[in-house]
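Student: Sequence first, predicted coordinates after that:
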Amino acid sequence: MKSVKVIVDILFVALFLLITFFGIGPVLFADGSDRERLITFLVVLLIYAIWFILLTLWRRKSREMPAK
């Protein structure tokens with residue numbers, strides 16, 4: 001069961017890095033208006049919040065899993 005936890009943790013980190021790369025990049029390098037950048041930034045923050053909540057729920061649930 002420990003290998004599943006490690007795989008899921010690696011998946012969370014990899015997707016976090018992808019969210020960072022594809023989320024913050026357009027905020028920093030967008031050639032649109034400031035309003036467009038702000039909206040993109042808020043959407044990226046919302047995605048980060050959802051991802052953090054999912055990670056927290058996964059950690060809590062994985063702690064309760066019995067080890068085999």
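Tutor: Looks like it came in fine.
Student: Going by C-alpha atoms from here, please, whenever you check contacts or count neighbours.
Tutor: Will do.
Student: Helices along this structure, start to end?
Tutor: 2-29, 34-64 (DSSP state H).
Student: Next, the angle helix 2-29 makes with the longest one.
Tutor: Between the axis of helix 34-64 and that of helix 2-29 there is an angle of 170 degrees, by axes from the mean of the first three to the mean of the last three C-alpha atoms, to 10 degrees.
Student: residues of helix 34-64 that come out buried?
Tutor: Neighbour-count burial for helix 34-64, counted by 16 or more other C-alpha atoms under 10 Å, picks out Arg37, Thr40, Phe41, Val44, Leu45, Ile47, Tyr48, Trp51, Leu55, Trp58.
Student: Take the helices of the chain and write them to CSV, including mean pLDDT.
Tutor: Shown next, in CSV, are those (pLDDT from 0 to 100):
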stretch, mean pLDDT
helix 2-29, 88
helix 34-64, 89
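Student: re earlier: nearest to Gly23, out of the buried residues of helix 34-64: which one, please.
Tutor: The nearest member of the buried residues of helix 34-64 to Gly23, counting by C-alpha to C-alpha, is Val44 at 5.6 Å.
Student: give the contact list for the closest one.
Tutor: Ile19, Gly23, Ile24 (C-alpha atoms under 8 Å, 6 or more residues apart in numbering).
Student: coming back round to it: turn the buried residues of helix 34-64 into TSV, including distance to Lys2.
Tutor: Below are the buried residues of helix 34-64 laid out as TSV (distance: C-alpha to C-alpha, whole Å):
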residue	distance to Lys2
Arg37	41
Thr40	37
Phe41	36
Val44	31
Leu45	31
Ile47	27
Tyr48	26
Trp51	22
Leu55	16
Trp58	13
